[in-house]
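1. how would this look folded up:
(one chain, ligands or ions: 1)
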Amino acid sequence: MTGFLRLAEDIAREAGDMLLAKRPTMSEEVETKSSPTDVVTILDKASEELIRERILAARPGDRILGEEGGEAPGESEVRWIVDPIDGTVNFLYGLPDWAVSIAVEVDGRVVAGVVNAAQRGEVYTAALGEGAWLDGERLRCTIGVPLAQALVATGFGYSVSRRAVQGEVVAAVLPRVRDIRRGGSCAIDLCSLAAGRLDAYYERGINQWDYAAAGLVATESGARLGGLLGRPVSPDFALCAAPGLFEELHDLLVPLDPERDA
Ligand code: IPD
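-> Residues are numbered from 1 along each chain as shown. As a prediction, the model looks like this:
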């Protein structure tokens, strides 16, 4: 596993350095994807190309799922899950909270994860069963924080039709917690939670590449990561917090359950 983590970290650092160098002049070429708010810059694509090249040079048989290039079929039990820039809107606006995220999955389980928040100068790493670190320092999430004192992060995804109900849920959560943050990068939110800078995070309608690496960072820091109503985390829904707070917050979020849409 150390080999996977080292390779993922080297690649995430190289992609982050490239993005830092090129962002000032090249971040403005933009296309939209699933909705007018869902953007991709030329550098999202360049970052993913670099990451794919480096992975395949080191491990030619492995599968890769990437935000921009999708999934290539293959026989290997190893799959790399890549978000070349998580927090693309922040990146586009010159806000510092964006990250390169790389997870390594073996037989369907994420075993290593790296989140390089390059403009913050922070690299988060985790290995399954071994812990989570920020630049080599062991991470522990906050424990025992009651709902009323919790700093809660969320995200809204890009589905315009879903945003009305997300707004209603925020209105219900806000009076019950210390405050709410919308940072703009799921990966950084989960890593911030692991570092004790946030107490909880939830979002409906994300993608596996947003949370694969950072989800391992969060769980290895002691947090629980799951979906609604006992389901596992999935692109439908992610909730993360220390046990106890997880259950308290969960009950306020049930209106976001995708199965209520029908
Ligand atoms: C987005 C960010 C954002 C979250 C969205 C994601 P992207 O990822 O993680 O915080 O709210 O759901 O899609 O598009 O910047 O890679």
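
2. Okay, and the beta partners of the closest residue to the ligand within the stretch 151-262 of the chain?
-> Nearest residue of the stretch 151-262 of the chain to the ligand, counting by CB to the nearest ligand atom: residue 155, 2.4 Å away. The C-beta positions use only the backbone N, C-alpha and C, and glycine is treated the same way. Counting by DSSP bridges, residue 155 forms beta bridges with residue 203.

3. Run a quick check on it versus residue 203, I expect a contact.
-> Yes. Contact criterion CB atoms under 8 Å: residue 155 and residue 203 qualify, at 4.2 Å.

4. Between those two, which contacts overlap?
-> Common neighbours of residue 155 and residue 203, using CB atoms under 8 Å, 6 or more residues apart in numbering, are residue 186.

5. can you give me phi and psi for residue 223?
-> The phi and psi torsions at residue 223 (degrees, to the nearest 10) take the values phi -80, psi 160.

6. Please name the residues that touch it.
-> By CB under 8 Å, 6+ apart, the contact list for residue 223 reads 141, 193-194, 240-242, 246.

7. hmm, 6 Å instead?
-> 141, 240, 242 (CB atoms under 6 Å, 6 or more residues apart in numbering).

8. Which of those sits closest to residue 69?
-> Using CB to CB, residue 240 comes nearest to residue 69 of these, at 27.0 Å.

9. Please flag which of the contacts of residue 223 sit within strands.
-> residue 240 (DSSP state E).

10. What residues does the stretch 51-200 of the chain have near the ligand?
-> 67, 83, 86-88, 155-157, 184-186 (CB under 6 Å from any ligand atom).

11. so which one among those residues has the lowest pLDDT?
-> For those, the model is least confident at residue 157; its pLDDT is 78.

12. number of nearby residues for that one?
-> Burial measure for residue 157: 20 neighbouring residues, criterion other CB atoms under 10 Å.

13. What are the phi and psi values at it?
-> Backbone torsions for residue 157, taken as degrees, to the nearest 10, come to phi 60, psi -170.

14. Dihedrals phi and psi, the closest residue to it other than its chain neighbours?
-> Leaving aside its sequence neighbours, residue 157 sits nearest to residue 205 (CB to CB, 6 or more residues apart in numbering; 3.8 Å). Per-residue torsions, residue 205: phi 80, psi 60 (degrees, to the nearest 10).

15. and residue 205, how many neighbours?
-> Using other CB under 10 Å as the criterion, residue 205 is surrounded by 18 other residues.

16. Just list the residues touching it, thanks.
-> Applying CB under 6 Å, 6+ apart to residue 205 gives the contacts 157, 159, 162.

17. The second one: how many residues sit nearby?
-> Just to be clear, that refers to residue 159. 14.

18. And for stretch 112-124, what's in contact with it?
-> 1, 4-5, 8-9, 12-13, 16, 20, 96, 99-104, 125-127, 134-135, 187-188, 191, 213-214, 216-217.

19. Reformat the residues of the stretch 51-200 of the chain next to the ligand as JSON lines; add secondary structure.
-> Formatted as JSON lines, those follow (DSSP: H, G, I helix; E, B strand; the rest coil):
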{"residue": "67", "secondary structure": "coil"}
{"residue": "83", "secondary structure": "strand"}
{"residue": "86", "secondary structure": "strand"}
{"residue": "87", "secondary structure": "coil"}
{"residue": "88", "secondary structure": "helix"}
{"residue": "155", "secondary structure": "strand"}
{"residue": "156", "secondary structure": "coil"}
{"residue": "157", "secondary structure": "coil"}
{"residue": "184", "secondary structure": "coil"}
{"residue": "185", "secondary structure": "coil"}
{"residue": "186", "secondary structure": "helix"}
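
20. No more questions from me, cheers.
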